[in-house]
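**Q** next input, structure requested:
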Amino acid sequence: MTTHYIDITLQPDPEFSHTHLLGALYAKLHRALVQLEATEIGVSFPLHTNEPGRPRTLGNVLRLHGPQSALQQLMAMNWLKGMRDHVQLKELATAPSGAPHRKVERRQFKTNADRLRRRRMVRKGETAEQAWAAIPDTVERAPNLPYVQLRSSSTGQSFCLFVEHGATLPSAGSGGFNTYGMSSGSTVPWF
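**A** Residues are numbered from 1 along each chain as shown. Prediction:
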């Protein structure tokens, strides 16, 4: 149950962009959640924007949600080492009772038809023409969601973790959170 929360606010820095700092912060969080094997801690970005005509951004606040004990265990790990000068950390607090809930989900998109065709050629042993026929350019989707730029620890490749804040719901959804603090079933209080 996501009864408590901690807000982590990125501070402006003349040497590092907001995007760089958010990526570094989120990568550290992901590694800590993997190490803890945590399924009770969710995230939200209360200042995100995804409105037409405005820049897509996750904002400068990362909110951690979870039971008091799980959040205390996470913060005892010192996972913010190296980031403390770049963030303002608020104290653990109780989430407002009666707040609506929201799903925060990772969205993945088929964004590059050429890459999909190359993968198909390797996996299915097809020629370039066969792969082209099977995967037209129309499969590409231009994501219109805010994201955080991360680097895979297993492959070293950069990728965009697209984040979708779902509609507000009157009650909490159940399930667990993944190691990015997101879920297709669980919700977090939205306030």
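**Q** pLDDT wise, what is Arg141 at?
**A** Model confidence at Arg141, given as pLDDT, is 66.
**Q** now do the buried residues in the longest helix seen in the chain.
**A** In the chain, assigned by DSSP state H, the helix with the most residues is helix 18-36. If you call a residue buried by 16 or more other Cβ atoms under 10 Å, then helix 18-36 has these buried ones: 21-30, 32-33, 36. Glycine gets a C-beta too; all of them are placed from N, C-alpha and C.
**Q** tell me where the chain has helices.
**A** Under DSSP H, the chain gives helices at 18-36, 68-75, 113-124, 128-134.
**Q** roughly how far is stretch 58-73 from the heart of the chain?
**A** What separates the centre of stretch 58-73 from the centre of its chain is 13 Å, taken as Cα atoms, centre = their mean, to the nearest Å.
**Q** same question, stretch 74-86
**A** 18 Å.
**Q** pull that stretch out as PDB, backbone CA atoms only.
**A** Taking Å, rounded to 0.1, in the frame of the first residue of the first chain, the C-alpha atoms of stretch 74-86 are listed here in PDB:
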ATOM      1  CA  LEU A  74      15.500   2.400   0.400                       C
ATOM      2  CA  MET A  75      16.700   5.700   2.000                       C
ATOM      3  CA  ALA A  76      19.000   3.700   4.400                       C
ATOM      4  CA  MET A  77      20.900   2.400   1.400                       C
ATOM      5  CA  ASN A  78      22.600   5.800   0.600                       C
ATOM      6  CA  TRP A  79      21.600   5.300  -3.000                       C
ATOM      7  CA  LEU A  80      21.700   9.100  -3.500                       C
ATOM      8  CA  LYS A  81      25.500   9.200  -3.100                       C
ATOM      9  CA  GLY A  82      27.000  11.600  -5.600                       C
ATOM     10  CA  MET A  83      23.600  13.300  -6.200                       C
ATOM     11  CA  ARG A  84      23.100  15.000  -2.800                       C
ATOM     12  CA  ASP A  85      24.500  18.300  -4.100                       C
ATOM     13  CA  HIS A  86      22.000  18.200  -7.000                       C
END
